[in-house]
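1. Give me a 3D structure for the following:
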Amino acid sequence: MLQSYDVKILLALQKSLEGRRDFFKWLLENGYPELAAFSNAVRGDEDALKWLFDNNYPVLGVLSDAIDNDSTAVDWLQQYGDVSLINFAKACRKDQLAVRWLKENELMVFILLAQTISDVLELQSKDSHFWYRMNFRRKKRK
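-> Residues are numbered from 1 along each chain as shown. The predicted structure is shown next:
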């Protein structure tokens, strides 16, 4: 599925995944709304994930869920039988065997994408656990 895109388009996806709005907008306005939605879905946007399923891109939706290690999505990908997508999802979670498989199959752009997604997931995890996310609103004194 992702392998059908030109490398330049996948590099634009990588920049969008990094949070570059200009690349997100470019994908959206130049015939790749599914990749823009996938980018946002990976970053935790539930509306984007729903859009993928509602607009005939279920594989990208399932891939986003598999990247999050959703067991149902992982099982679906395995039944779908696309070894590259299975390994890509695992590589996004830093599975070294999957990264090696991508290297051996000369899918270097997918290694770059997986590293970017891994960084995004790590940042999301830190954002949800770090002290600086505390609510510092002052309580009213009586």
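
2. Going by C-alpha atoms from here, please, whenever you check contacts or count neighbours.
-> Noted.

3. Can you name every helix or strand that the lengthiest helix in the chain contacts?
-> Longest helix in the chain by number of residues (criterion: DSSP state H): helix 108-129. Where contact means 3 or more C-alpha pairs under 8 Å, 6 or more residues apart in numbering; DSSP states H and E, helix 108-129 is packed against helix 7-17, helix 83-91, helix 96-104.

4. export the ones you listed to TSV and tack on mean neighbour count and mean pLDDT?
-> Formatted as TSV, the helices and strands packed on helix 108-129 follow (neighbours: other C-alpha atoms under 10 Å; pLDDT from 0 to 100):
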stretch	mean neighbour count	mean pLDDT
helix 7-17	19	97
helix 83-91	22	95
helix 96-104	16	97
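
5. buried stuff in stretch 39-49?
-> Buried residues in stretch 39-49, counted by 16 or more other C-alpha atoms under 10 Å: S39, N40, A41, V42, R43, G44, A48, L49.

6. Filter those residues down to just the ones in helices.
-> Assignment to helices by DSSP H places the following of these there: S39, N40, A41, V42, A48, L49.

7. can you list those in JSON lines and add pLDDT and distance to W76?
-> Below are these laid out as JSON lines (pLDDT from 0 to 100; distance: C-alpha to C-alpha, whole Å):
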{"residue": "S39", "pLDDT": "97", "distance to W76": "20"}
{"residue": "N40", "pLDDT": "96", "distance to W76": "21"}
{"residue": "A41", "pLDDT": "96", "distance to W76": "18"}
{"residue": "V42", "pLDDT": "95", "distance to W76": "17"}
{"residue": "A48", "pLDDT": "96", "distance to W76": "20"}
{"residue": "L49", "pLDDT": "96", "distance to W76": "16"}
